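Visitor: from the sequence below, what's the structure:
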Amino acid sequence: MNYPPEDAGAVANLMALARANRIVMTNSTFSYWGAHLSNALRGNNHSLCWAPDFFDRTRNGGRAFLLDPRWSVVRDIPGGWDS
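Guide: You can find the predicted model right below:
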């Protein structure tokens, strides 16, 4: 795995995500963009993108609405999301 230098900036970090075959996302739009770009570039790695089911507590009951249905979604964790 190659990582961009710490001072590479947002574009280099986004491109590193886009080139990744497997992605474990946080609940951030940056992660979503990286996964969507990776899927567009690779075309066959949707199930290798893991995303949390939560995103924003103020909308959609806290559930993510930007999820690609082909991604692997983490819906629950032992102890709950707030543990």
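Visitor: contacts only, for Leu48.
Guide: If you count contacts by Cβ atoms under 8 Å, 6 or more residues apart in numbering, Leu48 has them with Asn21, Arg22, Ile23, Ser72. Glycine gets a C-beta too; all of them are placed from N, C-alpha and C.
Visitor: cool, Arg70 as well?
Guide: Neighbour list for Arg70: Asn39, His46, Ser47 [criterion: Cβ under 8 Å, 6+ apart].
Visitor: the first one touches Asp68, doesn't it?
Guide: What it means is Asn39. Yes: counting by Cβ atoms under 8 Å, Asn39 does reach Asp68; the two are 6.8 Å apart.
Visitor: for the longest helix along the chain, list the C-alpha coordinates in CSV.
Guide: The longest helix of the chain (DSSP state H) is helix 29-42. C-alpha atoms of helix 29-42 as CSV (Å, rounded to 0.1, in the frame of the first residue of the first chain):
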residue,chain,number,x,y,z
THR,A,29,-18.4,12.9,2.6
PHE,A,30,-14.7,12.6,1.7
SER,A,31,-14.9,8.9,2.3
TYR,A,32,-18.0,8.6,0.2
TRP,A,33,-16.4,10.5,-2.7
GLY,A,34,-13.3,8.3,-2.5
ALA,A,35,-15.4,5.2,-2.6
HIS,A,36,-17.6,6.3,-5.4
LEU,A,37,-14.5,7.3,-7.5
SER,A,38,-12.9,4.0,-6.7
ASN,A,39,-16.0,2.1,-7.8
ALA,A,40,-16.1,4.2,-11.0
LEU,A,41,-12.4,3.5,-11.8
ARG,A,42,-12.4,-0.2,-10.8
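Visitor: immediately after it, which helix or strand?
Guide: strand 49-52 (DSSP states H and E).
Visitor: counting by contacts, list what that following strand packs against.
Guide: Where contact means 3 or more Cβ pairs under 8 Å, 6 or more residues apart in numbering; DSSP states H and E, strand 49-52 is packed against strand 23-24, helix 29-42, strand 72-74.
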